[in-house]
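# generate a structure from the sequence data that follows.
(chains A and B)
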Amino acid sequence: MSQARIVTRFAPSPTGYLHIGGGRTALFNWLYARGRGGKFLLRIEDTDRERSTPEATAAILRGLTWLGLDWDGEVVSQFARKDRHAEVAHQMLARGTAYKCFSTKEEIGAFRAAEEAAGRYPIFLSPWRDADPATYPDRPYVIRMKAPRTGETIISDRVQGKVTFRNDQLDDMIVLRSDGVPTYMLAVVVDDHDMGVTHVIRGDDHLANAARQTMVYDAMGWPVPVWAHIPLIHGPDGKKLSKRHGALGVEEYQMMGYPAAGMRNYLTRLGWAHGDAEIFSTEEALAMFDLDGIGRAPARLDFKKLEHVCGQHIARTEDAALLHELEAYLAASGQPALTEGQHALMLKAMYCLKDRAKTFPELLEKARFALTARPVAPDAAAAALLDPVSRGILKTLTLQLQNATWEKAELEIILTAAAEQAGIGFGKLAQPLRAALAGRTATPSVYDMMLVIGRDETIARLNEAAG
RNA sequence: GGCCCGUUCGUCUAUCGGUUAGGACGUCUGGUUUUCAACCAGGUAAGAGGGGUUCGACUCCCCUACGGGCUGCCA
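Sure thing, here's the model as predicted:
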């Protein structure tokens, strides 16, 4: 049997931003398809007209784009396909695998209330299931799936294994509402079938749905896709994800300054493993990712590890690309863009910055010496370092730097000698120098700073501080 | 309530009946050092509980506890 081309999809409902769990689901689908030369499709499940908004759709698309998850073809609107769904519902009717049900919401509600009051599990069994069409009343009806009443439905899941559901636990779900709008349960199946989806990778909150959906596939005589129900992500406290945990929309993470590559890496490892692989590029992830590596237990978000992974990625990213991403971060978070001069200096400085930052805000903080303009405004700690004695030493140093060739080796000789002359350790010299050059007490190496800003700027800042 | 899923260091996880239960983050100690980081070395720390099956269980089965999901004319 030849392996058909793999097609996966991400199908969010546009009722809010793309949250981190949805982002990971999309990522898994993307990795699986793209890693195997398959297609990754995007469908917006907007059949709930009350709660769906175009703003949410836009936010989801932005989130996916930032994460670098590109999809094939046009974004499919589920609502736009409602006629096709209705058509299938009627085909089911014609095939005898569905029937018209005239029970009203009130009747069903009353039934449920009575069952629950009696301490029973309310499975509504429609009296119209086998009714004679001649007895049909003249009023609105829904179309219900004629689900098997006995036996069991078995889901063969790539993550959960074989999961068995007793058919008598499942009721005849509605596939077409009385207003002619299809329900999710029908729409997903029709869409996945029509779009040629071969692998359904989604949250395990859909596991039970897979059984009902299997019945629709069977009713239509369509091949059932491969299922892979992945565990949900929990907050750091192990509870379900909510805004309280800071586990917000994917875009919030972008605002916090995490690089997309780091997010992908972290999210890939959350609930999935391949031996001891921890830090890897997207290309490597694409090559390694497989459904077999997905765990069955929900995973918690760990910001410390996220930061570590992001730091590794920042350190590995090529300078120009990193600067480009930093500027995108600036724009996305509403901060002023870099001037041409700052851009050039950042590019020059990147080598001594990227090893020490885990997020873009940290990178910016380390880059303060390169981004600031004279007069350098020292913070309290830095100002305290610039006492009269230190200023005197800096003044002398300025003279010695005047004609230095601006190379690290020579600067080392000069600074070391200066410290000796002053009768202090190198550290005692480096601190005021740091304060003068960056206005801060924590900065990159003094040599790196001097090399990056150049002789003239270095001397100007020293004079300013010494004066 | 019913059905379904889950449970290995604090956290993410490896292990697919036989290991001193491995790695990573965190944390602790030491090193490097020019501050903060980064980096390097080392330490710390785990099979929810109870029954089975087996020569041998983290691994297979059952029960309990705990957590989660579903149980809509929501998706």
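# for residue A:205, give its distance to RNA strand B.
3 Å (C-beta to the nearest atom of the strand, to the nearest Å). For every residue, glycine as well, the C-beta is placed using N, CA and C.
# any idea how many residues pack against the residue nearest to that residue when sequence neighbours are not counted?
Leaving aside its chain neighbours, residue A:205 sits nearest to residue A:232 (6.5 Å; criterion: C-beta to C-beta, 6 or more residues apart in numbering). Neighbourhood size, residue A:232 [other C-beta atoms under 10 Å]: 16.
# for residue A:232, give its distance to RNA strand B.
6 Å.
# what residues does the stretch 251-400 of chain A put near RNA strand B?
Within the stretch 251-400 of chain A, the residues that sit near RNA strand B (C-beta under 7 Å from any atom of the strand) are A:269-273, A:275-276, A:278, A:293, A:295-300, A:302, A:304-305, A:308, A:311-312, A:315, A:355-357, A:366.
# which ones among those residues lie within strands?
Among those, the members falling in strands (DSSP state E) are A:299-300.
# got a list of what the residue nearest to residue A:205 touches?
Counting by C-beta atoms under 8 Å, 6 or more residues apart in numbering, residue A:232 touches A:21, A:203-205, A:240-241, A:298.
# over to residue A:102?
A:128, A:136-137, A:139-141.
# closest one to residue A:377 out of these, please.
Of all the contacts of residue A:102, residue A:377 sits closest to residue A:140, with 72.4 Å by C-beta to C-beta.
# ok, that closest one touching residue A:178?
Yes. Counting by C-beta atoms under 8 Å, residue A:140 touches residue A:178, with 4.1 Å between them.
# residues touching residue A:266, list them.
A:305-306, A:309-310.
# let's see it at 6 Å
A:306, A:309 (C-beta atoms under 6 Å, 6 or more residues apart in numbering).
# is it correct that it falls within a strand?
No. Secondary structure assignment (DSSP: H, G, I helix; E, B strand; the rest coil) places residue A:266 in helix, not in a strand.
# tell me the pLDDT of residue A:242.
According to the prediction, residue A:242 has pLDDT 58.
# likewise for residue A:246?
Looking at residue A:246, the pLDDT reads 50.
# tell me the mean pLDDT for stretch A:271-290?
So the average pLDDT for stretch A:271-290 ends up being 96.
# report the buried residues of that stretch.
Using 16 or more other C-beta atoms under 10 Å as the test for burial, stretch A:271-290 gives A:271-272, A:274, A:279-280, A:282, A:285-286, A:288-289.
# stretch A:427-438 now?
Buried residues in stretch A:427-438 (16+ other C-beta under 10 Å): A:428-438.
# can you check stretch A:140-147 too?
So, applying 16+ other C-beta under 10 Å, buried residues of stretch A:140-147: A:141-147.
# quick check: of those, which lies closest to RNA strand B?
Nearest to RNA strand B among those: residue A:142, at 4.7 Å, using C-beta to the nearest atom of the strand.
# residue contacts, that closest one?
Contacts of residue A:142 by C-beta under 6 Å, 6+ apart are A:101, A:174, A:177-178.
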